[in-house]
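# Sharing a model that was predicted from the sequence below.
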Amino acid sequence: MALIVQKYGGSSVANAESIKRVAKRVVDTRRAGHDVVVAVSAMGDTTDELLDLANEVAPIPAPRELDMLLSSGERISMALLAMAIHSMGFEARSFTGSQAGMITDSQHGAARIVDVTPVRLREALDEGAIVIVAGFQGFNRDTRDITTLGRGGSDTTAVALAAALDADVCEIYSDVDGIFTADPRIIPRAQKLDHISSEEMLELAANGAKVLYIRAVEYARRHGVLIHARSTFSSSEGTYVLGEGMKNPRETEGAVMEEPIVAGVATDFSQAKITVSGVPDVPGKAAEIFKIVAKSGANVDMIVQNVSATGRTDISFTVPKADAAAALKALAGEQGEVGFQNLIHDDQIGKLSVVGAGMRTHSGVSAVLFEALSAGGINIEMISTSEIRISVVLRGDDLAEAARTVHTAYGLDGDVEATIHAGTGR
């Protein structure tokens, strides 16, 4: 008997029929002899609809009350799923994040898990029940308030439960069959990966891949949780995310599998570029600029500084589009102190990233990328690298075509188109 944690996203529990389909899958897992803990997201677009309602009644909703509102979506899903499982003749008990022992810091809307004390969950499992937990939410002991974990919070909930309960595997269910070499909505012939290292998955998630959220992957890597990303709408196995020292469950004894040079291509339309032009080319000015940006709360990704021939230089960097306004306002307020001449904001960019652990030991990976983009007539504006990643900033209009071109250049195209089972993409 294994202990399996399963997570079902919004598209997996979008309506009554979907919830009954999930209930059947959960019950089938229980019938196979396993203990089951399930983390659920809100139904379909419920969270977005609740956000819309909040913004209609208040221009800036109070963070505490917004968390109270948003956490209700997952509570609806958990109760309905428990009811569906009961109707199939199995005992199920639903728990809110606080009842499940999900302890967080006090940051409303983006809380971080600081501890998990799943006493009630263990009791329910020992009594033979299937456990259903509301994802995305927790409880702060100091303020005694409900908190939410931010986007992807249900993934993080599931991984944290798997770590606390010492589960054999954490299954993350979504509307695609696993983790692909690229987003199949952009590149239909992307191939499903049998497995991927947590290191590669972290890079893909950080650079635009949406199938798993970076916080969940980080938590799994830190706590040694095996993730299995698979589809709610298919019985086929998905993709295993392997931490250091983990064995691929599909691997036969003694088999040696060579890692691919490139695991995947990620695309990100969510960033903006800010250029601080005419910066005095003297020591300390870059430090001043990025201290100001840091105080604004903006998270800087890529940075490029031009070579100076005139005593002044330009510094360009990318930030999430949502952070750009705050960064620009902060910089404009310090223009006289820093001494730069101008600020340029560009939100029509896209980031393309190529990720693969094989880059460490194979030469020519970057050459393939740049040759492919050159052949497609696509201009590069910024370049950034890590040990297993190359990222470039392009015009946003070029990003989809660039991704298809690069994906083909690395030999990642499959023979058939990937299946996307559901999801609104909102």
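Nice, thanks for sending it over.
# now the stretch 251-400 of the chain, which segments are flagged as low pLDDT?
Within the stretch 251-400 of the chain, the set of residues satisfying pLDDT under 70 comprises 252-259.
# So which residues of it form helices?
Ranges of helices in the stretch 251-400 of the chain, per DSSP state H, counting those that start in this stretch, are 285-295, 321-333, 335-338, 365-375, 399-409.
# ranking the ones you listed by burial, who's on top?
For those, average neighbour numbers computed from mean count of other Cβ atoms under 10 Å are highest in helix 399-409, which has a mean of 21. (Glycine included, C-beta is placed from N, CA and C.)
# Same list, the helices of the stretch 251-400 of the chain, but as JSON lines with distance to residue 219 please.
Listed next are the helices of the stretch 251-400 of the chain as JSON lines, based on distance: least, Cβ to Cβ, whole Å:
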{"stretch": "helix 285-295", "distance to residue 219": "25"}
{"stretch": "helix 321-333", "distance to residue 219": "23"}
{"stretch": "helix 335-338", "distance to residue 219": "38"}
{"stretch": "helix 365-375", "distance to residue 219": "29"}
{"stretch": "helix 399-409", "distance to residue 219": "28"}
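# Tell me which of these sits nearest to residue 83.
Residue 83 sits nearest to helix 321-333 of all these, at 37.3 Å, using Cβ to Cβ.
# burial of residue 414, as a residue count?
16 (other Cβ atoms under 10 Å).
# I misspoke; the intended subject was residue 186.
Residue 186 has 16 neighbours, counted by other Cβ under 10 Å.
# The helices of the stretch 251-400 of the chain: which one's closest to residue 267?
helix 399-409 (5.0 Å).
# so what does the closest one touch, helix or strand wise?
Helix 399-409 sits against strand 264-268, strand 349-355, helix 365-375, with contacts defined as 3 or more Cβ pairs under 8 Å, 6 or more residues apart in numbering; DSSP states H and E.
# so what's the closest residue to residue 311 other than its chain neighbours up against?
Closest residue to residue 311 apart from its sequence neighbours, by Cβ to Cβ, 6 or more residues apart in numbering: residue 281 at 5.6 Å. Taking Cβ atoms under 8 Å, 6 or more residues apart in numbering, we find residue 281 in contact with 308, 311-313.
# Please tell me how far the longest helix that the chain contains is from the chain's geometric centre.
The residue-count maximum for a helix in the chain (DSSP state H) belongs to helix 63-87. Helix 63-87 sits 22 Å away from the centroid of its parent chain (Cα atoms, centre = their mean, to the nearest Å).
# Kindly state which of the helices of the stretch 251-400 of the chain is positioned closest to residue 64.
Nearest to residue 64, of the helices of the stretch 251-400 of the chain and by Cβ to Cβ, is helix 321-333 at 21.1 Å.
# re the thing from before, dump the helices and strands packed on helix 399-409 to a markdown table, plus distance to residue 196.
A markdown table is the format used below for those (distance: least, Cβ to Cβ, whole Å):
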| stretch | distance to residue 196 |
| --- | --- |
| strand 264-268 | 8 |
| strand 349-355 | 9 |
| helix 365-375 | 17 |
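# Quick one, which of the ones you listed gets closest to residue 18.
Comparing these against residue 18 with Cβ to Cβ, the closest turns out to be strand 264-268 (27.9 Å).
# for that closest one, packing partners?
Short answer (3+ Cβ pairs under 8 Å, 6+ apart): strand 264-268 packs on helix 198-206, strand 349-355, helix 399-409.
# same thing but 6 Å
Applying 3 or more Cβ pairs under 6 Å, 6 or more residues apart in numbering; DSSP states H and E, one finds that strand 264-268 makes contact with strand 349-355, helix 399-409.
# May I see those organised as TSV, with distance to residue 304 added?
What follows is the helices and strands packed on strand 264-268, written out as TSV (distance: least, Cβ to Cβ, whole Å):
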stretch	distance to residue 304
strand 349-355	12
helix 399-409	18
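# Nearest to residue 337, out of the ones you listed?
Using Cβ to Cβ, the helices and strands packed on strand 264-268 put strand 349-355 closest to residue 337, at 28.0 Å.
# and stretch 332-343, how far from the chain's centre?
Counting by Cα atoms, centre = their mean, stretch 332-343 comes out at 35 Å from the chain centroid.
# check contacts around the most centrally placed residue in the chain.
Centroid-nearest residue in the chain: residue 213, 1.8 Å away (criterion: Cα atoms, centre = their mean). Counting by Cβ atoms under 6 Å, 6 or more residues apart in numbering, residue 213 touches 152, 155.
# How about residue 269?
Applying Cβ under 6 Å, 6+ apart, the residues near residue 269 are residue 350.
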